[in-house]
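Chemist: Build me a model from this:
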Amino acid sequence: MDTTKKLTIETLEELVDKDLKVFIWHLWNGVGSEIEPISRSKIENADRYEVVDKMVQQYSDNAGTIAVKVLQNMKQMDLAQNLEFKLAEVEQPEQEEPIQSDWIRPQSIVLCKQVFKDKILKDKRNEVYIPKDAYQRKRLALLITNIQFQHLGNRDGAEKDEENMEWLLEALGYRVEKHRNLTGKEIDAAVRNFAAHSDHKDSDSTFVVLMSHGGRIGNKDVILGANDSSDYFFVDDIFTHLSSENCPALIDKPKVILIQGSRGKCSDVYIQDRPPESDSTVYRKDMVCFMSCLPNSNSYRHRISGSYFIMYIVDVFSKCAHNKDIMELFTKVISRMEKHDLANRNVHMLPCIENNTLRRKFYLFPGL
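Modeler: Next up, the predicted model:
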């Protein structure tokens, strides 16, 4: 509330005394049929600070929004737009408590306001990825979840991860291609086929989400396939398949990869020699990979509620994607997970960002 008052007062200070009187006149004569006017006797001779105090007393959390409406009625469009944008940027106090096993997914995602999107695209046009209009785009996302394995333990709770990620991606405007329990070769084929999808030409971005047991071979991250032994997919191959050469439809468009899986040594998996490295000339840009843990460490999952990494992503994106770019969202997830003391066992979780070649800020603008 203090921030709303401060922003509203700063805006009213841009009005000359004559215009302030017009602003006050609108308040006592009524802003709209659904908004109760403020008594003339309370504000007729009030200064800017007193006017804002009376508005907050009468309208509470809606005081800033009503100030925008009054300015619009006065044809003070620049002031109205600037105030609306600043109010849209203001974050409500966010619950920063660690996510527990009884975490429930938010009922809905906070939608972006048109004024915020317009302001970003106007003021930072050369600094952000420009989205396509909703009516003409075809956003695609790939979601692969391995739950059952022939030899390793099943990933109980991963069904909830799949459900939550599908919900989030759809809420962000993506049509989700979903696969379960794939072998390493099938994962590779699924990513290749996804990269070749013709609808990418009408898209402005993409997400690829892989969730499975994971590990490291040498210094390379792998996702384990459902057959376990000698069955894996190198994470690096995602970047190759989505490169400018192999996926030209996504050139200059942000490509976000999310990996849920441990990154310890695959000591219980028979490892064949790594195939020859891909051609180093393959151009990998406009990509970022967010991984659930640091190299040589484990990722943690609740057997009913799912993986903590996925829970934090869904929670943060649902509440903050309306006015934060993708890197700010990742940073929030990292900050919250770093503080998470898992079940009071002094087990700390720290996801990390890797292979970041994004050249601009990527805003998701949910709902627009």
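Chemist: Against Arg284, how distant is the nearest residue to Ser205 once chain neighbours are set aside?
Modeler: Nearest residue to Ser205 in three dimensions, chain neighbours excluded: Pro254, at 4.6 Å (Cβ to Cβ, 6 or more residues apart in numbering). C-beta here means a position set from N, CA and C on the backbone, and glycine is covered the same way. Separation of Pro254 from Arg284 (Cβ to Cβ, to the nearest Å): 13 Å.
Chemist: So which of these two has more stuff around it?
Modeler: Each of Pro254 and Arg284 has its neighbours counted (other Cβ atoms under 10 Å); Pro254 has more, 26 against 18.
Chemist: Check whether the more buried one really touches Asp286, as I assumed.
Modeler: Yes. Between Pro254 and Asp286 there is a contact under Cβ atoms under 8 Å: 5.4 Å.
Chemist: about what we covered before: report the contact partners of the residue nearest to Ser205.
Modeler: For Pro254, the contact set (Cβ atoms under 8 Å, 6 or more residues apart in numbering) comprises Tyr129, Ser205, Thr206, Asp286, Met287, Val288, Ile326, Leu358, Arg360, Phe362.
Chemist: Pull the most distant pair out of those residues.
Modeler: Maximum pairwise distance among these (Cβ to Cβ): 15.6 Å, between Thr206 and Arg360.
Chemist: didn't Gly225 look like it was pressed against Arg180?
Modeler: No. Counting by Cβ under 8 Å, Gly225 does not reach Arg180; the two are 12.0 Å apart.
Chemist: Quick check: neighbours shared by these two?
Modeler: Asn146.
Chemist: Strands of the chain, start to end?
Modeler: Counting by DSSP state E, the chain has these strands, from start to end: 140-145, 175-180, 206-211, 214-217, 220-224, 232-234, 255-260, 287-291, 301-302, 306-307, 352-354.
Chemist: for the first one, packing partners?
Modeler: Counting contacts by 3 or more Cβ pairs under 8 Å, 6 or more residues apart in numbering; DSSP states H and E, the secondary-structure elements packed against strand 140-145 are helix 158-171, strand 175-180, helix 184-195, strand 206-211.
Chemist: looking at those, which is closest to Tyr135?
Modeler: strand 175-180 (14.6 Å).
Chemist: Having no further points to raise, I will conclude here.
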